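S.K.: Generate coordinates for the sequence data below:
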Amino acid sequence: MRIAVRADAGLLVGSGHVMRTLALASALRARGATVTFLSRRRDGDMHERIVRDGFVVRPLESETDAGDARRALQADGDADALIVDHYRLDAVWERAMRPFARRIVVIDDLADRPHDCDLLVDANLGAGEHGRYRELAPAAHLLLGPGYALLREEFREPIRRARPRDGRIERINVFMGGFDRSDETSKVLRALGSHPGAPFRIDVVLPSWAPHRSAVRERCIGKPAIHLYDEAAEMAALFEAADLAVGAGGCAIWERCALGLPSIVLSVADNQRAGAGQCEIAGAALWLGDAAVAGEPAIASAVEELRRDPRAVAEMSRRARSVCGARGGAFSTDLVADAVLEAIDARL
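M.R.: So this is what the prediction gives:
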């Protein structure tokens, strides 16, 4: 069984598409599939990370040219399934790939363009509201809502043993996305009063490929309350240990919810607004709006407000866990991987 994944990463598009498809690819590999990535060359493309996780990458020169993708795909022959996680690709591109893949699977969270696919996954809260995919993907079997969030394997056991939060805030996690090209991390650290006498332990996650990592590392030197982590590989353990997160939206918002981690969210991309807003409405997070607008005083005020109200923090934790609860207690990535295999077998 051969599966291809079309996903890109980069300074402008972020790391989320690659990270969530890596989670799905790992689950499919565990079920016997061979998975190959089709991904465009660019700054921050994360090809090395994909290879390090044990997958082959077929580099693309074009972002939207179906001919380029077909040639890369057919280097190994036709695919049983092609998984597409890309905001610039739609039904036209997918239809052009149909002759070379038995099934097309789309991962989306914008619902702003038509798709020609057999299976569509949208993990956003409210993804099924108003039948928004009824006309955009009329032939697709739909997996909608955070119960289908693509979480990495490292989250499986922490989710199973997720602890109830008592609302006290002693340890804060800061993760502003895989690239954080506008250096929101430094702004959050300033807002938290990151100095040797800071009242919190602060765990900062900023991967080695992030453009401002050197500046953040310098900011952390000599401050024993701040611990800087290089890779997202420890994210599940860090989220599990934290009492509060200050972070970007995107994939990480569902990782935090799955562990019942209360969070203050700042959107660092347009596509993160819907998920962050829905989480706030559900009481699972406090959304401060776009990171470009939310300043240090707003972040500091939000943290202090929650610190003074442990009961509100504990309730936010409870609601976050309920938001991301998978059906029947199953691990959400397993549900998606099994649905992909069922689509290949035409049992949907």
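S.K.: Any idea which residue is closest to the centre of the chain?
M.R.: A centroid search over the chain (CA atoms, centre = their mean) returns Cys251, at 1.8 Å, as the residue closest to the centre.
S.K.: In contact with that residue, which residues?
M.R.: Cys251 sits next to Gly16, Met19, Arg20, Ala149, Leu150 when contact means CB atoms under 8 Å, 6 or more residues apart in numbering. Bear in mind the C-beta positions are built from the backbone N, C-alpha and C, glycine included.
S.K.: if I read this right, the fourth one contacts Ala258, doesn't it?
M.R.: I take that to be Ala149. Yes - using CB atoms under 8 Å, Ala149 is in contact with Ala258, at 6.8 Å.
S.K.: Quickly list what's touching both of those two.
M.R.: Cys324, Ser332.
S.K.: Which residue, neighbours along the chain excluded, lies closest to the residue nearest to the centre of the chain?
M.R.: Gly16 (4.7 Å; CB to CB, 6 or more residues apart in numbering).
S.K.: Give me the pLDDT value at that neighbour.
M.R.: We note a pLDDT of 93 for Gly16 in this prediction.
S.K.: Tell me how many other residues crowd it.
M.R.: Residues within reach of Gly16, counting by other CB atoms under 10 Å, total 24.
S.K.: got a list of what it touches?
M.R.: For Gly16, the contacting residues are Gly177, Gly178, Gly250, Cys251, by CB under 8 Å, 6+ apart.
S.K.: Okay, the closest residue to the second one other than its chain neighbours and Arg58: tell me how far apart.
M.R.: What that stands for is Gly178. Residue nearest to Gly178 in three dimensions, not counting chain neighbours: Ser15, with 2.8 Å by CB to CB, 6+ apart. Here Ser15 is placed at a distance of 19 Å from Arg58 (CB to CB, to the nearest Å).
S.K.: neighbour count winner among those two?
M.R.: Ser15 (26 against 19).
S.K.: Could you verify my assumption that that one touches Phe179?
M.R.: Yes - with contact taken as CB under 8 Å, Ser15 and Phe179 are classed as touching, separated by 6.1 Å.
S.K.: so what sits against both of those two?
M.R.: Residues touching both Ser15 and Phe179 by CB under 8 Å, 6+ apart: Gly44, Pro207.
S.K.: can you give me the helices in the stretch 201-348 of the chain?
M.R.: 213-220, 235-241, 251-258, 273-281, 296-307, 310-323, 332-344 (DSSP state H, counting those that start in this stretch).
S.K.: Dump these to TSV, plus mean pLDDT.
M.R.: Formatted as TSV, the helices of the stretch 201-348 of the chain follow (pLDDT from 0 to 100):
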stretch	mean pLDDT
helix 213-220	94
helix 235-241	95
helix 251-258	94
helix 273-281	94
helix 296-307	95
helix 310-323	95
helix 332-344	96
